[in-house]
Structures are given as C-alpha cells and as structure tokens.
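>>> sharing a model that was predicted from the sequence below.
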Amino acid sequence: MALFFFFKIFKNKKIKKDLKTMEERLQNKYYKTLSLFVDDMMKVFNNCRAYNGVGTVYYKCADQLEPYFKDQVQKLAKLLEEKGIE
C-alpha cells in the first residue's frame, strides 16, 4: 500500500527526482550550471526523507550525505569563481 501511495504522489505531482534521472541528465549534458545540478540533488535528498521513515537507512543516509554534498559544492563553487567559470 505504501509503495502504491509513493508512486501515486510522484505521478500526480510530477516531481520524481532520483539518481537515475540525474545520471541520464549528466549523460545528456543537461546540467549547464552548477545550480541546476545542486537543485536536483537537493530534491533527491528531500524526497528521500519525505518518502522514507525517520529511522530508515535511506533517511539517515540523506541526513549524512547532504551536509557533505553542500560542503563539496561550496568548495567547487569557490574554485570555479577563482577561475572565472560560472
């Protein structure tokens, strides 16, 4: 029942963001800016927490990976800025 509800929400709101979609977008060179990539990744983290219970491994992984991801993005953004790349 929960699985049906999960897919129904994604179908209705058309907000499905997962790592497979991001992989396809990377291969198709969709991400023209860092912010497009970051926005999608943040949706993955948010969806992971929204559709998995607080104690699940998926929820915990999102909580642990998100701060690391943000830290790495800040470092990358600073490096790109120093090199004059947007």
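In hand now; what should we look at?
>>> now the residue sitting nearest the centre point of the chain, nearest residue through space, not along the chain?
With distances taken as CA atoms, centre = their mean, the residue of the chain nearest its centroid is residue 41 (1.7 Å). With CB to CB, 6 or more residues apart in numbering as the criterion, residue 41 has its nearest non-adjacent residue at 6.2 Å, and that residue is residue 69. To be clear about C-beta, it is placed using only N, CA and C from the backbone, and glycine gets the same treatment.
>>> circling back: hang on, the residue nearest to the centre of the chain packs against residue 19?
No. Assessed by CB atoms under 8 Å, residue 41 is found out of contact with residue 19, at 9.0 Å.
>>> what about the residue nearest to residue 41, how many residues nearby?
When counting by other CB atoms under 10 Å, one arrives at 16 neighbours for residue 69.
>>> same deal with residue 63?
13.
>>> and residue 47, by the same measure?
19.
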